[in-house]
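1. Got a predicted structure plus its sequence, pasted below:
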Amino acid sequence: MRWFVLFLFVALPAWGESVVLGLSQDEIAITTSFDGSEILVFGAVKREVPVPDGPELEVIITVAGPSVPVMVRRKEKRLGIWVNTDAVEVDQAPSFYAVATSGLLRDVLRDTEDLRYQISVPRAIRSVGAPMSITDAPSFTEALIRIRSDARLYQLQENQVAVDEQTLFRARIELPAALTEGAYATRIFLTRDGQVVSSYETSIDVRKVGLERWLFSLSREQPVIYGLMSLAIAIFAGWGASAAFSLLRN
Amino acid sequence: MQIYLPIAEVSVNAYLLLGLGGLVGILSGMFGVGGGFLMTPLLFFIGIPPAVAVATEANQIVASSFSGVLAHLKRKTVDLRMGCVLLVGGLIGAALGVVVFNYLKALGQVDLLVKLCYVVFLGVIGGLMFIESLNAIRNTKKGKVPTRKKHNWIHKLPFKMRFRVSGLYISVIPPVLVGLCVGVLAAIMGVGGGFIMVPAMIYLLGMPTKVVVGTSLFQIIFVTAFTTMLHATTNFTVDVVLAVLLLVGGVIGAQIGTRIGVKMKAEQLRILLAIMVLAVCGKLAFDLLVMPSELYSVGAVGGH
């Protein structure tokens, strides 16, 4: 298990404070032995004036994988067997999405602010227009969230951001093994009374490295060479294993 | 030890893959079948995307059949002429199969197609094999000698060709058609098709048993190699890391299986194989008939 530490200093600009950012590591390498990872998001609110009175400062951290359109299909019983029938295309759905908050999401974020910044899991998914024949389009989006939540690809972690003295905050985001490549947008929101008072955005680069990278790009860019190579490697491995076995036997 | 598969984009246990390869290898060594029809469904069960499982299995079959063909060529138990005729059908069939596969993938029906193919073919072949071997066991108990029909409708077809090694003078239409069917199956189901070709060669074409396995392996190598290339260039779903892991387990398993196989009687082997084929068929049919726990599935747009 690797640790990726993001040092973030998030400021409230209206009060003349500055943003200082230090990333100890902003890249996650998918190697052959990749088995999931964990990011530690760690930061501070830097201010030159005293902490304002009133509601407590709350922190929301989101990590989103690359968004791509996905097709959600539903099975129905036809002629005695279960067959995919209706399908709804969800225009944009992140391959991974985690929300960590310092309190219950409904307490730290108002609906209007959620709508504006698209913070909660259902808001991060964009689905416009299902085919006319489908009357219950929302159930498809719900199914998408349910399936991905079961696979730990979509996570809502309430009360998982620790905030000290309204200044220091930290949270762990767990990344599953089945991760796709891309830039993972990481957003930090500071809220008071459910209103976003400041936000900061950076990205974590998740990419395959070494052998993984090489095989993947070869298979996409030079599929003929990749195919021939796969055949050659497989034949050689098969022949080698059987030759080794018969050597052992003799 | 977890290993991240670069094309399948999932992380699986490497020992599990080696073990699966070994287990299927033992069975394929015992029964003299490729084992693709067992491996592909097993890969579905451990969470490999079906498109990757089918394409990678084709790649693995090429390699696992390779050493087998070498051995048969050495023993001169390959009818090269018959193999080439079967191959012509096989290549056309594989191309057709990949077109159908990609079309249904776009419709979101590829899982259903693959599973239905399995249920139908495994059901028919398993059933026939079961009845046949039961009869054979009964006949040997009665002391009857099994007879092979020398002439049937196949001998009335045109375009006859002489196949010396098999000692046959028959039309090329049936072997081409057999090859074609096997090619389609190789592309859609990720199998070599030996489980269909071997019975077809014995019962339909009337080939002598000793050249059947070598000749079918010869055809399978080229058809599955072609299928691998088609999947690699159109779907990008061949995972070489997965193929190699399955292969190493498979080759070692096959050597052990062959040793077990020679200690058993042919009829017993055949009835065991029939039961296994029917069991896989039953499991897949059950999954299609029973209401799934999750009615929804998520796939890429325009693909699986």
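-> Yes, it's here.
2. Please enumerate the helices of the chain.
-> With no chain named, the answer covers chain A. Secondary structure of chain A, counting by DSSP state H: helices at A:105-108, A:111-117, A:121-124, A:137-150, A:210-221, A:223-249.
3. that's the wrong chain, I meant chain B
-> Using DSSP H, helices in chain B cover B:14-31, B:36-45, B:50-74, B:80-107, B:110-142, B:173-189, B:194-199, B:209-234, B:240-262, B:266-289.
4. so who does the closest residue to A:Ala243 other than its chain neighbours touch?
-> With Cβ to Cβ, 6 or more residues apart in numbering or on different chains as the criterion, A:Ala243 has its nearest non-adjacent residue at 7.8 Å, and that residue is B:Ser67. Quick note: C-beta positions are derived from backbone N, CA and C, even for glycine. Counting by Cβ atoms under 8 Å, 6 or more residues apart in numbering or on different chains, B:Ser67 makes contact with A:Gly238, A:Trp239, A:Ser242, A:Ala243, B:Val251.
5. Walk me through the domains of chain A.
-> By the record's domain assignment, chain A is partitioned as A:3-208, A:211-250 (automatic domain parsing).
6. would TSV of these with mean pLDDT be doable?
-> Below are those laid out as TSV (pLDDT from 0 to 100):
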stretch	mean pLDDT
domain A:3-208	79
domain A:211-250	84
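7. need the ones you listed in TSV with mean neighbour count, can you?
-> Formatted as TSV, the domains of chain A follow (neighbours: other Cβ atoms under 10 Å in any protein chain shown):
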stretch	mean neighbour count
domain A:3-208	17
domain A:211-250	17
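8. can you redo these as a markdown table with distance to B:Val124?
-> Supplementary listing: these in a markdown table, determined by distance: least, Cβ to Cβ, whole Å:
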| stretch | distance to B:Val124 |
| --- | --- |
| domain A:3-208 | 17 |
| domain A:211-250 | 30 |
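9. Between those, which one is closest to B:Ala285.
-> Relative to B:Ala285, the nearest member of these by Cβ to Cβ is domain A:3-208, separated by 8.7 Å.
10. these two touch, right, B:Asp239 and B:Pro6?
-> Yes: the criterion here is Cβ atoms under 8 Å, and B:Asp239 meets it with B:Pro6 at 6.8 Å.
11. Comparing those two, which residue is more hemmed in?
-> Higher neighbour count among B:Asp239 and B:Pro6: B:Asp239, with 27 against 23, using other Cβ atoms under 10 Å in any protein chain shown.
12. Pull the contacting residues for that one.
-> B:Asp239 is in contact with B:Leu5, B:Pro6, B:Ile7, B:Ala8, B:Val52, B:Ala55, B:Thr56, counting by Cβ under 8 Å, 6+ apart.
13. Next, give phi and psi for the most centrally placed residue in chain A.
-> The C-alpha lying nearest the average C-alpha coordinate of chain A belongs to A:Phe96 (Cα atoms, centre = their mean; 2.9 Å). With angles defined as degrees, to the nearest 10, A:Phe96 sits at phi -150, psi 140.
14. Nearest to chain A within the stretch 101-250 of chain B, name that residue for me.
-> Distance from chain A to each residue of the stretch 101-250 of chain B (Cβ to the nearest Cβ) is smallest for B:Ala232, at 3.3 Å.
15. my read: that residue touches A:Ser230, true?
-> Yes: using Cβ under 8 Å, B:Ala232 is in contact with A:Ser230, at 6.6 Å.
16. which residues does the closest residue to A:Val121 other than its chain neighbours contact?
-> Using Cβ to Cβ, 6+ apart and skipping residues adjacent in sequence, the residue nearest A:Val121 is A:Tyr154, 5.2 Å away. Contacts for A:Tyr154 (Cβ under 8 Å, 6+ apart) come out as A:Phe96, A:Tyr97, A:Ala98, A:Val121, A:Ile145, A:Arg148.
17. thinking again about what came up before, now render the contacts of B:Asp239 as CSV, adding distance to chain A and pLDDT.
-> Listed next are those as CSV, based on distance: Cβ to the nearest Cβ, whole Å; pLDDT from 0 to 100:
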residue, distance to chain A, pLDDT
B:Leu5, 9, 84
B:Pro6, 4, 81
B:Ile7, 6, 83
B:Ala8, 9, 81
B:Val52, 11, 88
B:Ala55, 10, 88
B:Thr56, 9, 90
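18. Widest-spaced pair of the residues you listed?
-> Among those, the pair separated by the greatest distance (Cβ to Cβ) is B:Pro6 and B:Ala55, at 13.6 Å.
19. Mind pulling up the pLDDT for the spatially closest residue to B:Leu116 that is not a sequence neighbour?
-> Distances taken as Cβ to Cβ, 6+ apart place B:Leu288 nearest to B:Leu116, at 7.4 Å, with adjacent residues excluded. B:Leu288 carries a pLDDT value of 81.
20. residues in contact with B:Leu288?
-> A:Ile81, A:Trp82, B:Leu112, B:Lys115, B:Leu116, B:Val119.
21. Run through the bridge partners of the nearest residue to the third one once chain neighbours are set aside.
-> Looking back up the chat, that one is B:Leu112. Using Cβ to Cβ, 6+ apart and skipping residues adjacent in sequence, the residue nearest B:Leu112 is A:Val83, 5.8 Å away. Beta-bridge partners recorded for A:Val83 (DSSP bridges): A:Glu76.
22. do you know how far A:Val83 is from A:Glu76?
-> Per Cβ to Cβ, to the nearest Å, A:Val83 is found 6 Å from A:Glu76.
23. Mind giving me the PyMOL command for buried ones among the contacts of B:Asp239?
-> Per 16 or more other Cβ atoms under 10 Å in any protein chain shown, the buried members of the contacts of B:Asp239 correspond to this PyMOL selection:
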select buried, chain B and resi 5+6+7+8+52+55+56
